[in-house]
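K.L.:
structure for this input, please:
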Amino acid sequence: MTGTLLMRFLTRSLLSGNPIIRSRGVASFIWTTAKRTNAFLISGRVAFCLGLPTVCYLGHEAYRGIHSAAVVFALEKEEEIIEQADYLHSCAETEKLYQLLQQYNNSNDVEFLWRLARATRDRAMVQGVPADQKKALVYEAFGYAEKALEKDDACFASHKWYGILLSDLGDYMGTKHKLEKSLVIRKHLERAKELNPNDPTTVYILGYWCFSFAELSWSLRKLATVIFGTPPTSSYEEALEFFLKAEEVKPGFYSKNLLMLGKTYLALKDKENAHLWLTKARDYRPITTEDKEVHQEAVQLLKRLG
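P.N.:
Down below sits the predicted model:
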């Protein structure tokens, strides 16, 4: 009788959108809801960040006989994995994120594909990764980005990571290739910005693209002239506009944006604003290796400013 009542309760809960999921090998039930409370989000994320077993696999055997419940669970699992992936990214848990998403490297879902591109690139950029492995990871990441763009060219992240990784490929295919693809890279970044104007990273990268062309050396300008006839151009003023816009969208989102604001103001001979932004870059709390590198560069530049 008790078992019957329990099954009825579980069935009603599943069909009403509040699935109760049983973990494999655990004689307890984990209550979740389609719209989780903040408390659950916090506790779940902290547990995962500490390396405890993830909750994305809970419910593998949960009432597969109920068709509608299985649909609910499938959606729940996908959302849970994406949620975990984004949190691991924010924690800079690069290896855990890569291992999590590698289980879905044959997915045709654009939300998995662009995250796979991002995670694989992040792993390639980890300090100490051997050069040959880094190259292989960059090419692997580009493959995911390319597939994501093929699956959904209306997804801003597909354009964003395609542009970023196309630029990364230039490190292995030579300066000429990078220059040849520079306008294609900007086109995809502009499209990403058009689709999602509130993504500060895309705006930052556009600023970096402008800064790079503003400081292009004489020899590279000559090469660009051979390739394009009239080479792509930009200015420090245009770069500054993008960097400031990125900071407006999300203040303090990225240490490198603070650094580039300082460097751009330096290039424009505005020492007061250069000092302001370089100080912010120096004082940014470092989490990643890149943050630490930004800190060191900001310290050196501030010394030169006096």
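K.L.:
would you map the helices across the stretch 201-306 of the chain?
P.N.:
Using DSSP state H, counting those that start in this stretch, the helices of the stretch 201-306 of the chain run over residues 218-228, 236-249, 255-267, 271-283, 289-305.
K.L.:
with mean pLDDT and distance to residue 118 added, can I get those helices in CSV?
P.N.:
Where you see a C-beta, it was placed from the backbone N, CA and C, and this is true even at glycine. Formatted as CSV, the helices of the stretch 201-306 of the chain follow (pLDDT from 0 to 100; distance: least, Cβ to Cβ, whole Å):
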stretch, mean pLDDT, distance to residue 118
helix 218-228, 79, 29
helix 236-249, 98, 18
helix 255-267, 98, 16
helix 271-283, 98, 23
helix 289-305, 95, 14
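K.L.:
highest average neighbour count across the ones you listed?
P.N.:
Per residue and on average, the most neighbours among the helices of the stretch 201-306 of the chain fall to helix 255-267, with a mean of 23 (mean count of other Cβ atoms under 10 Å).
K.L.:
that helix to helix 236-249, inter-axis angle?
P.N.:
Counting by axes from the mean of the first three to the mean of the last three Cα atoms, to 10 degrees, helix 255-267 lies at 150 degrees to helix 236-249.
K.L.:
got the angle between helix 255-267 and helix 289-305?
P.N.:
Using the same axes, to 10 degrees: helix 255-267 against helix 289-305 is 20 degrees.
K.L.:
circling back to that earlier point, relative to residue 89, which of the helices of the stretch 201-306 of the chain is closest?
P.N.:
Within those, the stretch nearest residue 89 is helix 289-305; the backing value is 13.6 Å (Cβ to Cβ).
K.L.:
what angle do helix 271-283 and that closest one make with each other?
P.N.:
Going by the same axes, to 10 degrees, helix 289-305 makes 140 degrees with helix 271-283.
K.L.:
how far does helix 289-305 sit from its chain's centre?
P.N.:
Remark: helix 289-305 is offset 23 Å from the chain centroid, using Cα atoms, centre = their mean, to the nearest Å.
K.L.:
contact partners of that helix?
P.N.:
125-127, 255-256, 258-259, 262-263, 266, 271, 274-275, 278-279, 281-282, 284-286 (Cβ atoms under 8 Å, 6 or more residues apart in numbering).
K.L.:
one more time with 10 Å
P.N.:
For helix 289-305, contacts defined as Cβ atoms under 10 Å, 6 or more residues apart in numbering pick out 92, 94, 125-128, 254-260, 262-263, 266, 271-272, 274-275, 277-286, 288.
K.L.:
in the helix or strand containing residue 194, what counts as buried?
P.N.:
With elements taken from DSSP states H and E, the one containing residue 194 is helix 182-195. For helix 182-195, burial by neighbour count (16 or more other Cβ atoms under 10 Å) applies to 182, 185, 186, 188, 189, 191, 192, 193, 195.
K.L.:
for the residue nearest to the first one when sequence neighbours are not counted, what are its contacts?
P.N.:
Distances taken as Cβ to Cβ, 6 or more residues apart in numbering put residue 232 closest to residue 182, at 5.6 Å, once the chain neighbours are dropped. Each residue near residue 232 by Cβ under 10 Å, 6+ apart is listed here: 179, 182, 183, 185, 186, 209, 210, 212, 213, 216, 224.
K.L.:
quick check: nearest residue in space to the fourth one, chain neighbours excluded?
P.N.:
Leaving aside its sequence neighbours, residue 185 sits nearest to residue 163 (Cβ to Cβ, 6+ apart; 4.7 Å).
K.L.:
quick revisit: for residue 84, which of the helices of the stretch 201-306 of the chain is the nearest?
P.N.:
That would be helix 289-305 among the helices of the stretch 201-306 of the chain, by Cβ to Cβ, at 22.5 Å.
K.L.:
distance-wise, check the residue nearest to residue 182 relative to residue 212.
P.N.:
10 Å (Cβ to Cβ, to the nearest Å).
K.L.:
mutual contacts of those two, please.
P.N.:
Common neighbours of residue 232 and residue 212 (Cβ under 10 Å, 6+ apart) are residue 182.
K.L.:
just give me the neighbour total for residue 306.
P.N.:
The local packing of residue 306 (other Cβ atoms under 10 Å) involves 6 other residues.
K.L.:
what's near enough to touch it?
P.N.:
271, 275.
K.L.:
isn't residue 110 right next to residue 146, touching?
P.N.:
No: Residue 110 lies out of contact with residue 146 (Cβ atoms under 10 Å); the separation is 11.8 Å.
K.L.:
which neighbours do those two share?
P.N.:
residue 158.
K.L.:
report the buried residues of stretch 113-130.
P.N.:
Neighbour count says stretch 113-130 has 113-126 buried, by 16+ other Cβ under 10 Å.
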